[in-house]
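Student: Pasting the sequence and the predicted model now:
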Amino acid sequence: MQIKIIIAGPRGKMGSEAVQMVNHEDSFDLVACIDRQNGGRTLKDVEQLPDLDVPVFDDPEQCFQETDADVIIDLTIPDAGFDHSKLALLYDIRPVVGTSGFSQEQIDALEDLSITHGTGCIIAPNFAVGAVLMMQFAKTAAKYLPDVEIIEKHHDQKLDAPSGTAVKTANMIQESRESKQQGNPNEKELLDGARGAEADGIHIHSVRLPGLVAHQEILFGGPGQTLTISHDSYNRASFMEGIKLSVHKVMGLNKLVYGLENILE
């Protein structure tokens, strides 16, 4: 069965990689793209995109009305990703969303809409399978080494900090350990933000530099020992297998799933 796919954000670094992946996957059919700057054109008319006769829409609702699609892959920014996903669910099109930075309120709203319409939706802060394994290993480690800090490093064009992966990691760690205040209770920041953000006592540090793609370290400390669990994505191809898996899985869902770890066997 061919799965008919819309891609939102085809000019972005992740989006352009997804266009190539969908185009080369035999079971996928790219039927449209959503791009705010190129409505009314086709992909072959857009610089640096493949020579494909695929229509581009700047109006998402028009795209959903005029296109017979099963899935939308959204790799844009949080506000646009939320709006696209909400509208897609109203048209019974299944969102696969790789946009990080959604608020809990936005996730809850999409979950309610997904259940109401019986239409699957997958939101994953990170589509790299190795990154998901990193988070699962960290959840296990936190049972035994509850003192932990997270350092996430991304390219300097990333808009949200901390990353969705870091927030998701902290949430998973919280499930394994009791809340605690780490470090010296009398410590004082000589420069505001020196200790990073804090989630349930877990300090999260965000690094933004050119040359980086997506990297994270989770550092655990205990008496006489430390444990570091890390993952590195060196290019956007690292996310494509997770997106491919999610597209297949979302076809069998009737509710929202948050996190790639929840669809891995």
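Tutor: In hand now; what should we look at? Computed from a prediction, not measured in an experiment: that's the story for all the values here.

Student: looking at it, D29 is touching M1, isn't it?
Tutor: No - counting by Cβ atoms under 8 Å, D29 sits too far from M1 to count as a contact (10.1 Å). The C-beta positions use only the backbone N, C-alpha and C, and glycine is treated the same way.

Student: Looking at the two, which has the bigger crowd around it?
Tutor: Relative neighbour count places D29 above the other of D29 and M1, with 16 against 6, counting by other Cβ atoms under 10 Å.

Student: end to end, how far does stretch 42-53 reach?
Tutor: The first residue of stretch 42-53 is 6 Å away from its last residue (Cα to Cα, to the nearest Å).

Student: can you pull the buried residues of it?
Tutor: For stretch 42-53, the neighbour count (16 or more other Cβ atoms under 10 Å) marks 42-43, 46, 49, 52 as buried.

Student: any idea how far H84 is from C63?
Tutor: 9 Å (Cβ to Cβ, to the nearest Å).

Student: Now do the shared contacts for these two.
Tutor: Contact criterion Cβ atoms under 8 Å, 6 or more residues apart in numbering; residues shared by H84 and C63: I34.

Student: can you pull the buried residues of stretch 258-265?
Tutor: Under the neighbour-count criterion of 16+ other Cβ under 10 Å, stretch 258-265 has 258-261, 263 buried.

Student: who touches it?
Tutor: Here stretch 258-265 has contacts from 107, 111, 122-127, 129, 132, 135-136, 168, 242, 245-246, 249, 257, using Cβ under 8 Å, 6+ apart.

Student: before we move on, what about stretch 246-253?
Tutor: By Cβ under 8 Å, 6+ apart, stretch 246-253 touches 3, 5, 27-28, 70-71, 73, 94-96, 120-122, 124, 127, 257, 260, 263.

Student: Ok, stretch 217-224 next?
Tutor: Contacts for stretch 217-224 (Cβ under 8 Å, 6+ apart): 134, 138, 141-142, 144-145, 147-152, 169, 173, 226-230.

Student: Can you show me the helices along this protein?
Tutor: 13-24, 60-66, 78-90, 104-117, 129-141, 164-174, 240-250 (DSSP state H).

Student: for the third one, packing partners?
Tutor: Just to be clear, that refers to helix 78-90. Counting by 3 or more Cβ pairs under 8 Å, 6 or more residues apart in numbering; DSSP states H and E, the packing neighbours recorded for helix 78-90 are strand 3-8, helix 60-66, strand 71-74, strand 94-97, helix 104-117, strand 121-123.

Student: closest to L190 out of those?
Tutor: helix 104-117 (32.6 Å; Cβ to Cβ).

Student: Show me what that closest one is packed against.
Tutor: helix 78-90, strand 121-123, strand 256-258.

Student: Among the ones you listed, which comes closest to S179?
Tutor: Per Cβ to Cβ, nearest to S179 of those: strand 256-258, 21.7 Å.
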